[in-house]
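[1] Provide a 3D model corresponding to the input given below.
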Amino acid sequence: MASISKAAFYILIISMVNLSTHANAECLFVGGNFSHSCRNIRLLPDRMHLEATCGTPPNTSQLYLNEKVANGNSVLRCKQCFGFMHLIEKKCEFSQSCSDIQLHGTVLSATCINNNHQPVRSSVDLDDCVMNNRGFLDWVC
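    Prediction:
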């Protein structure tokens, strides 16, 4: 095993603390409003991809919803999800605990399992967390 100096060790520890502090900061998903500049908004048959036509010239773009949509005790919300001591961003994977996933306009709804293992209907407005980034669907954060 390679040895490192005390200085390098302390720099590594400080870097990990800074990453952890940044990772715990909650992203405020506010006002992506992709529906104002996109049309033909729909869920693909797998129920995990949002598709829309955005921009000029028109571009058809897709966004993987499992990336930032989470089920927190039967409350769907857009957020950043982290693993490994909150240092590494990971996919939220709402579809693992939700079923009957539907889209009405920009509102994503699903029946999700809560902490008591009971199914509860929940929804989130994707206009709050998805934006049109030069013709491509993207997350606000």
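[2] check the spatially most central residue of the chain and give its pLDDT.
    When the chain is reduced to its mean C-alpha position, the nearest residue by Cα atoms, centre = their mean turns out to be Lys68, at 0.9 Å. Lys68 carries a pLDDT value of 90.
[3] same thing with Lys91?
    In the predicted model, Lys91 carries a pLDDT score of 76.
[4] isn't it up against Glu67?
    Yes - contact between Lys91 and Glu67 holds when scored by Cβ atoms under 8 Å: they sit 5.2 Å apart. For every residue, glycine as well, the C-beta is placed using N, CA and C.
[5] returning to what we had before: quick one, phi psi at the residue nearest to the centre of the chain?
    For Lys68, the backbone dihedrals (degrees, to the nearest 10) come out as phi -130, psi 0.
[6] same question, the one 3 residues further on
    Main-chain torsions, Asn71, degrees, to the nearest 10: phi -100, psi 110.
[7] same question, Val120
    Given degrees, to the nearest 10, the pair of backbone angles that Val120 has is phi -140, psi 140.
[8] kindly report the same for Gln80.
    Reported as degrees, to the nearest 10, the phi and psi values for Gln80 are phi -90, psi 130.
[9] look up how far Thr56 lies from it.
    Gln80 sits at a distance of 30 Å from Thr56 (criterion: Cβ to Cβ, to the nearest Å).
[10] more crowded one of those two?
    Per other Cβ atoms under 10 Å, whichever of Gln80 and Thr56 has more neighbours is Gln80, with 18 against 7.
[11] wait, that one touches Lys68, no?
    Yes - counting by Cβ under 8 Å, Gln80 sits close enough to Lys68 to count as a contact (6.7 Å).
[12] shared neighbours, those two?
    Overlap between the neighbourhoods of Gln80 and Lys68 consists of Cys141, taking contacts as Cβ atoms under 8 Å, 6 or more residues apart in numbering.
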